[in-house]
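Engineer: quick one, structure for this:
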Amino acid sequence: MAQKPVPGGMIDPITHYVVNCFGDVLEGRHTLEQIFKECPIVGDKEGTSSSLSIHISRIMEVLEINLEAKSKNYTDPALCAVFMINNWNYVVLKVIISEMATILGHDWIIKHTTKVHQNLEHYQRTWDKVLELLMLDSNEREMLNVVEDSMKEKLELFNKRVNDMFSVQSTWFILDGQLREKIRISVEKNLLPALENFTARFQKLIGKDAYEYAMFDTDALLNNLFRGNKIGNLLMGM
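Structural biologist: The predicted model follows:
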């Protein structure tokens, strides 16, 4: 039976539990190392790494499998990416500030920091289909005087989808403030130039009224992105 996804793409309880348990484990590291030395893991004949580090590495492998499986419970690709961003960034930061950094090693940290950035890219790509609505085909570029209705429809559909996405994503939460700001800036850099370019072309057809079709407060929506806020009233008033 599929488990319910964590609301808002937040930290999975198992991730939180496992990572924080390592703090207690590391407090008794020397005792555990002595126990593992007396009862070594089968197959660790060369002794190139401590038995404790082997156990922790294996637990982290299981945690990774668990997160990958749970990410598939999200039907929205954007929320799936947010879930993975939150969880892997949380794990990596916990590792960096603890003895786990020495146990797991620099390569492990680099590998899993890369996972965070990969999921940032996955999230950014979820906006592609929305931005495609603002692309003009060759006929529309060459015959602006006959495509007013088509451009109105595109802009209205774009407005609806953007409002829907912001309405939903404002209820999600990204824990790391720097990552949240990085995503907000990336959305802004992709969204605003495309909208301005499309609206400028539309303005050639109907004049200054073109800007009235972009019926949302971009700054207000961007500022609420991934803050766990409910801004339904803001959207409904537009």
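
Engineer: quick check: L136 touching R201?
Structural biologist: Yes. Between L136 and R201 there is a contact under Cβ atoms under 8 Å: 6.8 Å. Quick note: C-beta positions are derived from backbone N, CA and C, even for glycine.

Engineer: low-confidence stretches in this structure?
Structural biologist: Scanning the chain for pLDDT under 70 picks out the ranges 1-2, 27-50, 137-148, 205-216, 229-238.

Engineer: so where do the helices sit in it?
Structural biologist: 13-27, 29-38, 51-71, 77-96, 100-104, 106-125, 128-132, 138-142, 148-169, 177-206, 218-223, 232-236 (DSSP state H).

Engineer: just the CA atoms of the fifth one, as PDB, please.
Structural biologist: Just to be clear, that refers to helix 100-104. Below are the C-alpha coordinates for helix 100-104, written out as PDB (Å, rounded to 0.1, in the frame of the first residue of the first chain):
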ATOM      1  CA  MET A 100      29.400  12.200   9.900                       C
ATOM      2  CA  ALA A 101      31.300  14.400   7.500                       C
ATOM      3  CA  THR A 102      34.500  12.500   8.400                       C
ATOM      4  CA  ILE A 103      32.800   9.100   8.300                       C
ATOM      5  CA  LEU A 104      31.000   9.500   5.000                       C
END
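
Engineer: show me the chain divided up by domain.
Structural biologist: Under the assignment automatic domain parsing, the domains of the chain span 7-115, 128-236.

Engineer: ok, the residue most central in space within the chain to M135 distance?
Structural biologist: The structure's the chain has its C-alpha centroid closest to V82; by Cα atoms, centre = their mean the separation is 2.8 Å. Distance, V82 to M135, by Cβ to Cβ, to the nearest Å: 26 Å.

Engineer: what number of residues lie near the residue nearest to E188 when sequence neighbours are not counted?
Structural biologist: Among residues not flanking E188 along the chain, L222 sits closest, at 5.6 Å (Cβ to Cβ, 6 or more residues apart in numbering). Number of residues near L222 (other Cβ atoms under 10 Å) recorded here: 17.

Engineer: ditto for A78
Structural biologist: A count of neighbours around A78, defined by other Cβ under 10 Å, yields 19.

Engineer: same question for K70.
Structural biologist: 21.

Engineer: identify the residues contacting it.
Structural biologist: By Cβ atoms under 8 Å, 6 or more residues apart in numbering, the contact set of K70 is 3, 5-6, 12, 83.

Engineer: let me know how buried L195 is, in neighbour terms.
Structural biologist: Look at L195: counted by other Cβ under 10 Å, it has 20 neighbours.

Engineer: ok, it touching L134?
Structural biologist: Yes. Using Cβ under 8 Å, L195 is in contact with L134, at 6.4 Å.

Engineer: what residues are shared contacts of these two?
Structural biologist: Residues touching both L195 and L134 (Cβ under 8 Å, 6+ apart) are F158.

Engineer: re earlier: mind putting the domains of the chain into a markdown table with distance to H122?
Structural biologist: Listed next are the domains of the chain as a markdown table, based on distance: least, Cβ to Cβ, whole Å:
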| stretch | distance to H122 |
| --- | --- |
| domain 7-115 | 4 |
| domain 128-236 | 11 |
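
Engineer: for E121, find the nearest of these.
Structural biologist: Closest to E121 of these is domain 7-115 (Cβ to Cβ; 8.5 Å).
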